[in-house]
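*Asks:* Take this sequence and fold it.
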Amino acid sequence: MNIKQSDLSSSQEPVNKPENEKRSLLRTLEFALDYCLRAAMMLTGLGLAVLMFTQVIMRYVLESPFAGIEEAAILLAVWVSFLGMGYATKERSHIHGGIVSLIVEDPFKIAILRLFVSIICFITVCVFGYFSAKYGLFVIEKERMSLYLQWPKGLWTASMIFGFLLMASYFLLQTVKDLRETLVIKNQSLNSKGA
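*Replies:* You can find the predicted model right below:
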């Protein structure tokens, strides 16, 4: 009996192919979001540098400053700051203490503390995000405009809303990840005690 090689290879394919495709899609989406976030930070940072350089030339060389450049510079500075907050949260490079690992040696207790901190951070960011969204809607409702450029002030407050939304999303993902790690460490400790 002659069995083709393609028949053998098709029967040996992984059973969880849809799950692998989902993970691949999620990784692709994560990579795309990461790329867009870094590109946005880079572009706003470069735009801010160009605006500040232009303002210095106009003020001190040409002796005719334009206040609208300062408004646009503040807009870019606010956006780069809030984008940076979201990116720092994604990379888990925001400010945090490391003294717990010096005092506590039990990996399960450390994992519980990390989970607790992630939950507290998520709740805090959600509260700040709520108030920033409330303020942003107020500003948009009042149709306030900037003084020199006459741009809607909602552009400035949108940076807060977007930044807190990014942070809340990444803190939620970190909370889920910390919960999974805590459960894995708990199972490992239970297995090691039972053995």
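
*Asks:* Past the least confident helix or strand in the chain by mean pLDDT, which element shows up next along the chain?
*Replies:* Ranked by mean pLDDT, DSSP states H and E, the helix or strand of the chain with the weakest confidence is helix 5-11, at a mean of 47. Using DSSP states H and E, the helix or strand that follows helix 5-11 in sequence is helix 17-56.

*Asks:* Would you map the helices across the chain?
*Replies:* Taking DSSP state H to define them, one finds helices in the chain at 5-11, 17-56, 67-90, 100-103, 107-142, 154-194.

*Asks:* want to throw the ones you listed into a markdown table with mean neighbour count and distance to Y148?
*Replies:* Placement of C-beta: from N, CA and C, glycine included. Rendered in a markdown table, the data for the helices of the chain read as follows (neighbours: other CB atoms under 10 Å; distance: least, CB to CB, whole Å):
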| stretch | mean neighbour count | distance to Y148 |
| --- | --- | --- |
| helix 5-11 | 8 | 67 |
| helix 17-56 | 13 | 12 |
| helix 67-90 | 19 | 4 |
| helix 100-103 | 10 | 49 |
| helix 107-142 | 15 | 17 |
| helix 154-194 | 16 | 14 |
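
*Asks:* Go through the ones you listed and find the least confident stretch.
*Replies:* Of all the helices of the chain, helix 5-11 carries the lowest average pLDDT, namely a mean of 47.

*Asks:* Chain neighbours aside, what residue packs nearest to Y135?
*Replies:* Sequence neighbours aside, T157 is the residue nearest to Y135 in space, at 6.1 Å (criterion: CB to CB, 6 or more residues apart in numbering).

*Asks:* For the one you found, list the residues it contacts.
*Replies:* 132, 135-136, 139-140 (CB atoms under 8 Å, 6 or more residues apart in numbering).

*Asks:* ok, the residue nearest the centre of the chain to D106 distance?
*Replies:* Compute the mean C-alpha point of the chain, and by CA atoms, centre = their mean the closest residue is G86, 3.2 Å away. When CB to CB, to the nearest Å is the yardstick, G86 and D106 sit 32 Å from each other.

*Asks:* Likewise for V50?
*Replies:* 52 Å.

*Asks:* same check, this time on V61
*Replies:* Here the distance between V61 and D106 works out to 64 Å (CB to CB).

*Asks:* next one: C126
*Replies:* In this structure, C126 and D106 are separated by 30 Å, where distance is defined by CB to CB.

*Asks:* Please apply the same query to L190.
*Replies:* When CB to CB is the yardstick, L190 and D106 sit 14 Å from each other.

*Asks:* Give me the common contacts of the two.
*Replies:* Listed as contacting both L190 and D106 by CB under 8 Å, 6+ apart is no residue at all.
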